[in-house]
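**Q** what follows is a predicted structure for the sequence shown.
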Amino acid sequence: MQEKLYFYYTNDLHSNFDNWPQVAGFLKEVREKRAADSQENWLMDIGDHVDRVHPIAEAFMGKANVQLMNDVGYDFATIGNNEGITMAHDDLHHLYDDADFQVVCANLHSLTNTEPEWLQSTVHIQSASGIKIGIIGLTAPFNAFYELLDWHISAPFQTLGNHISSLKDTADIIVLMSHLGLSEDQEIARRFTDIDVIIGGHTHHLLRTGEKVNQTLITAAGKHCSFAGEVVLTWDHHEKRLVDKTATVYDMTERPRDLATEQSLNELTEKADKLLEQTVIQLKNPIEVKWFQHTDIMQELTETLKEWTKADVAMLNAGILLDQIPGGQVTYKDIHRICPHPINPCMVELNGTELTEVIRASLTRDFTELKLKGFGFRGEILGKMMYAGLEVHAVSREDGSKYIKTIYFDGTPLDPEKSYKVATADTFTFGRLLPEIARSEEKHYFLPEFLRDLLAHTLRHKFAGH
């Protein structure tokens with residue numbers, strides 16, 4: 001006799017609730033159908049469900065996301081970096097206190113005396129017919145951030161090595177919930193052949209019908225829940241082994257919306273608005289924001305960044321602010337709307353030559369007009385770079401491009417060999433936007449504060465009476 005086991009999953013919602021009512025409706029519908037047909041099924045989330053870019057996630061510090069997952073009936077979840085490194089330690093420690101699902105993450109460890117009560121390394125489930133399934137979760141090791149928040153992420157491959165033999169001895173099927181990214185999932189499948197299925201996320205890859213590496217099925221459903229995923233495992237009771245594995249994703253964008261979920265989101269939005277209503281400052285006049293020109297607010301925010309981090313110099317791109325700051329009462333909701341990014345201040349060390357190259361790159365149209373997606377940036381374009389502690393004299397060419405004439409620090413030209421402490425957005429420590437910053441061996445991140453916290457501080461202390 002053969003039996004099919006069904007796993008439904010979501011990954012990388014990032015608090016983008018546009019498709020959530022459709023997702024909720026779909027998941028409720030398919031689970032009811034499987035239950036009616038007496039077919040075993042489970043529902044999982046692979047992390048980054050929470051993202052403080054959304055007012056609901058911000059106001060409730062992720063707990064509303066957990067409530068929404070409870071309402072749908074999730075069985076398991078692992079954490080992503082947006083749950084892990086965008087909250088203060090206590091906020092993550094208690095994020096899942098009211099979860100009706102099990103949270104599985106084998107490589108998350110508290111550096112305080114107590115682990116969260118909800119945290120499990122592995123879980124075991126058993127079907128009605130006796131099939132034993134072992135589930136393990138892993139998340140990406142951003143320890144430069146985690147350890148500043150009193151957490152540590154152990155190495156994923158080592159963690160798997162510590163658990164895989166036990167899982168093999170106690171389970172017929174091994175499922176990995178992986179918030180590590182596609183290339184890591186592929187390497188895991190090459191090294192750990194006992195893992196039957198890797199349900200992945202983090203790198204927002206969409207594997208419509210999965211991908212096989214050795215005998216392991218790898219799958220993931222993109223981002224923002226435009227798709228929800230299904231994995232079907234076929235177990236042969238006579239042969240006592242899996243004889244088939246398939247993966248499918250379903251488009252959520254055109255599906256009917258679940259009315260109960262839509263009502264919950266409306267109610268949470270109203271409550272979030274009230275929670276974010278506290279006044280930051282009362283302004284007589286609006287404050288102008290421009291992405292390609294010098295403005296007082298960006299200059300002062302960059303100065304605040306330099307002071308906050310105790311750096312020698314600071315640089316910050318104007319596209320970090322999405323809208324002008326209104327006159328009258330400015331609330332935290334306004335601050336969140338204008339600067340929604342989960343971006344932390346950071347400080348790197350660069351020598352004068354490296355700093356000059358960074359400034360040169362930041363003056364190009366390729367940089368200022370870049371429509372960046374990812375690395376924490378939730379805006380439209382990067383915009384003009386602003387500087388504090390530096391005098392940058394650039395000359396425009398006839399074609400509109402610019403070249404650097406002189407750069408002064410404390411009234412003297414930059415010393416090519418001297419080391420400077422440079423404060424900026426942590427965005428630039430990733431990828432290839434500004435390689436010299438990304439390659440710096442000395443990086444210091446400031447957590448849990450976001451740039452919007454520095455914006456609120458700047459308004460309170462530098463624009464009173466404006």
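**A** Nice, thanks for sending it over.
**Q** contacts and neighbour counts: CA atoms only from here.
**A** Fine.
**Q** burial count for S226?
**A** Per other CA atoms under 10 Å, the neighbour tally for S226 reads 21.
**Q** domain map for the protein?
**A** Following automatic domain parsing, one finds the domains of the chain at 2-271, 278-462.
**Q** what about the last one, distance to the chain center?
**A** Chain-centre distance of domain 278-462: 21 Å, with CA atoms, centre = their mean, to the nearest Å.
**Q** using a markdown table, lay out the domains of the chain together with mean pLDDT.
**A** Below are the domains of the chain laid out as a markdown table (pLDDT from 0 to 100):
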| stretch | mean pLDDT |
| --- | --- |
| domain 2-271 | 97 |
| domain 278-462 | 94 |
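**Q** and L455, how far from I174?
**A** Taking CA to CA, to the nearest Å as the measure, L455 falls 47 Å from I174.
**Q** swap that for G210, sorry
**A** On the measure of CA to CA, G210 and I174 end up 17 Å apart.
**Q** between these two, point out the one with more neighbours.
**A** Between G210 and I174, G210 has the larger neighbour count (other CA under 10 Å), namely 24 against 21.
**Q** identify the residue nearest the more buried one in space, chain neighbours excluded?
**A** Leaving aside its chain neighbours, G210 sits nearest to T219 (4.5 Å; criterion: CA to CA, 6 or more residues apart in numbering).
**Q** next one: K306
**A** Closest to K306 by CA to CA, 6+ apart is A314, at 5.1 Å.
**Q** shouldn't the one you found be in contact with E391?
**A** No - look at A314 against E391 with CA atoms under 8 Å: they stay out of range, at 11.3 Å.
**Q** show me which of these two is the more surrounded one.
**A** Just comparing A314 and E391: by other CA under 10 Å the higher neighbour count belongs to A314, 26 against 16.
**Q** surely that one is within a helix?
**A** No - A314: not assigned to a helix; according to DSSP: H, G, I helix; E, B strand; the rest coil it is strand.
**Q** beta partners for it?
**A** Beta-bridge partners for A314, by DSSP bridges, are A388, A423.
**Q** which residues does it contact?
**A** T302, E303, L305, K306, Y387, A388, G389, V422, A423, T424 (CA atoms under 8 Å, 6 or more residues apart in numbering).
**Q** do the same with S178
**A** Applying CA under 8 Å, 6+ apart, the residues contacting S178 are I46, T78, G137, L138, T139, D185, I198, I199, G200, G201.
**Q** could you rerun that using 7 Å?
**A** I46, G137, L138, T139, I198, I199, G200, G201 (CA atoms under 7 Å, 6 or more residues apart in numbering).
**Q** mind checking the SS state of the residue lying closest to R360 once chain neighbours are set aside?
**A** Leaving out its chain neighbours, the residue that sits closest to R360 by CA to CA, 6+ apart is I404, at 6.7 Å. Under three-state DSSP, I404 falls in the strand class.
**Q** what number of residues lie near I404?
**A** 15.
**Q** from T356, how far out is it?
**A** 9 Å.
**Q** picking that back up, scan the contacts of S178 and report the most crowded one.
**A** Neighbour counts for the contacts of S178, by other CA under 10 Å, peak at G200, which reaches 33 neighbours.
**Q** okay, and the beta partners of it?
**A** S178.
**Q** show me the helices in the stretch 101-250 of the chain, by range?
**A** Taking DSSP state H, counting those that start in this stretch to define them, one finds helices in the stretch 101-250 of the chain at 143-146, 156-170, 182-191.
**Q** want to try JSON lines for the ones you listed, with mean neighbour count and distance to V348 as columns?
**A** Shown next, in JSON lines, are the helices of the stretch 101-250 of the chain (neighbours: other CA atoms under 10 Å; distance: least, CA to CA, whole Å):
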{"stretch": "helix 143-146", "mean neighbour count": "18", "distance to V348": "13"}
{"stretch": "helix 156-170", "mean neighbour count": "15", "distance to V348": "27"}
{"stretch": "helix 182-191", "mean neighbour count": "17", "distance to V348": "27"}
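**Q** can I get these in CSV with distance to D399?
**A** Putting those into CSV (distance: least, CA to CA, whole Å) gives the following:
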stretch, distance to D399
helix 143-146, 42
helix 156-170, 50
helix 182-191, 41
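**Q** what's near enough to touch the residue nearest the centre of the chain?
**A** Using CA atoms, centre = their mean, the residue of the chain that lies closest to the mean C-alpha position is N82, 3.5 Å off. Contacts for N82 (CA under 7 Å, 6+ apart) come out as D48, V50, D51.
**Q** and for T368, the neighbour number?
**A** So T368, with other CA under 10 Å, has 20 neighbours.
**Q** which non-adjacent residue is nearest it?
**A** Setting aside the residues directly before and after it, T368 is nearest to G383 in space (CA to CA, 6+ apart), at 4.3 Å.
**Q** quick one, strands of the stretch 151-300 of the chain?
**A** For the stretch 151-300 of the chain, the strands defined by DSSP state E, counting those that start in this stretch cover 151-153, 173-179, 197-200, 211-213, 216-219, 227-236, 241-251, 279-283.
**Q** now the second one against helix 182-191, angle please.
**A** Read it as strand 173-179. 150 degrees (axes from the mean of the first three to the mean of the last three CA atoms, to 10 degrees).
**Q** chain center to strand 173-179: distance?
**A** Mean-position distance between strand 173-179 and its chain equals 20 Å (CA atoms, centre = their mean).
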